[in-house]
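> Can you look at this prediction? I've put the sequence above it.
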Amino acid sequence: MEITLIAIAVVIIIVVIIISIRNRLIGLKNKVDYANGSVDAMFKQRYDLIPNLVASVKQYMQHESSLLEKLIELRSQAQKPSLTSEQKIDINTQIDQALKSFNLTVENYPNLKANEQFSRLQASLNECEGQLAAARRTYNATVMDYNNAVEMFPTSIFASSMGYKTKPMITATAVEQQNPSVKDLF
């Protein structure tokens, strides 16, 4: 009878451990999905600002129309519903680069910088970029926790059986990691 109670207690402990591990994995996966949704929401806000920004500067930037067209094209690509996480990250990296070029180009248009509507839009975009950076950091931290659980023993056994795979982090490209040349800015 004593052995039966011990066996039942061991089985209960094992079941509780299994349930805890599975629930932790599910919770981590859901946190990654939530963080990804936050990044997507910030991307959407950015996409909504781009046409307004482009429209407000079109008259000033006749010569840089290719840059404006590239921003609009990237925005439309980024809003396709069937994109993978990797494709979203790649397109948004390209948008980051285009926006940096755009901001550098704006420096050549003093009348544009003085335009109140443009100033408001640029301030909104800067705020959005700050929030996007925070959302990216949160996403990467959440993905790191998730990936650790998916790859470390014993949770890796359960993750594998549940079909969970590691998720990509948002990283800076080689171009973004380079220091800008100040002489090229003038």
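All right, it came through fine. Residues are numbered from 1 along each chain as shown.

> Need phi/psi at Asn115.
Main-chain torsions, Asn115, degrees, to the nearest 10: phi -70, psi 120.

> so how far is the helix or strand harbouring Val54 off the chain centroid?
Take DSSP states H and E as the rule and Val54 turns out to sit in helix 2-57. In this view, helix 2-57 has its centroid 16 Å away from the chain centroid, taken as C-alpha atoms, centre = their mean, to the nearest Å.

> what is the mean pLDDT for that helix?
In this model, helix 2-57 has a mean pLDDT of 92.

> Return the list of helices and strands in contact with that helix.
When contacts are defined as 3 or more C-beta pairs under 8 Å, 6 or more residues apart in numbering; DSSP states H and E, helix 2-57 sits against helix 65-78, helix 85-106, helix 116-151, helix 155-161. C-betas here are computed from N, CA, C, even on glycine.

> residues of the first one that come out buried?
Yep, that's helix 65-78 we're talking about. The neighbour-count check on helix 65-78 (16 or more other C-beta atoms under 10 Å) flags 67-68, 70-71, 74-75, 78 as buried.

> Repeat that for the longest one.
Residues of helix 116-151 classed as buried by neighbour count (16+ other C-beta under 10 Å): 118, 121-122, 124-125, 128-129, 131-132, 135-136, 138-140, 142-143, 146-147, 149-150.

> Now do it and helix 2-57, the angle between them.
On the basis of axes from the mean of the first three to the mean of the last three C-alpha atoms, to 10 degrees, helix 116-151 is oriented at 160 degrees to helix 2-57.
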